[in-house]
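Asks: Structure here, sequence nowhere to be found:
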C-alpha cells in the first residue's frame, strides 16, 4: 500500500502529465503496429518521415526533462522503431514499382 501511495504522490505519478502524456501517447506505436499488416502501397512516406522526426525529438525531450520521463522515452523508442520499419516498407514498395512497370512494358512488346 505504501508503494501505491508513494507512486500516487511522486512527480511522475498519475496526478501529473508526466504519467498521462505517455499513457495516451502509446496510441501512436499501437497504430503503427496495426499498420504493419496493411499493404505498403497505402503508407504515406511524408507522414512516416514526420513521425520519425517527431519521435526522435521527443526521445531527446523525455531524456532531458526533469524529472526524467522514462515512460515517455520507452513509448517514443517503440514508435521510432515501428515508424522506421514502416519507412523501410514504403521505400521497398516504391523501389519495386518502376521495376514492375518495366517488366509490364517488356511483356507488352
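Replies: Thanks, I have it. This is a predicted model, so every value here is computed, not measured. Numbers count the residues shown, from 1 in each chain.

Asks: To which secondary structure element is the residue nearest the centre of the chain assigned?
Replies: With the centre of the chain defined as its mean C-alpha position, the nearest residue by CA atoms, centre = their mean is residue 79, 2.3 Å away. If you go by DSSP states H and E, residue 79 is part of helix 70-108.

Asks: In contact with residue 59, which residues?
Replies: Listed by CB atoms under 8 Å, 6 or more residues apart in numbering, the contact set of residue 59 reads 73, 76-77, 80. Any C-beta I mention is one placed from the backbone N, CA and C, and that applies to glycine too.

Asks: State the mean pLDDT of the helix holding residue 79.
Replies: Across helix 70-108, the average pLDDT comes to 85.

Asks: same check, this time on stretch 21-30
Replies: 92.

Asks: hmm, back to that, distance from the helix holding residue 79 to the middle of the chain?
Replies: Remark: helix 70-108 is offset 14 Å from the chain centroid, using CA atoms, centre = their mean, to the nearest Å.

Asks: and what of stretch 35-46?
Replies: How far stretch 35-46 lies from its chain's middle: 13 Å, per CA atoms, centre = their mean.

Asks: and if you look at stretch 4-18?
Replies: Stretch 4-18 sits 25 Å away from the centroid of its parent chain (CA atoms, centre = their mean).

Asks: sorry, back to before: just want to check the distance between the residue nearest to the centre of the chain and residue 66.
Replies: 22 Å (CB to CB, to the nearest Å).

Asks: related to what we said a few turns ago, let me know whether the residue nearest to the centre of the chain touches residue 57 as I believe.
Replies: No. Counting by CB atoms under 8 Å, residue 79 stays clear of residue 57, with 11.6 Å between them.

Asks: Much appreciated, bye for now.
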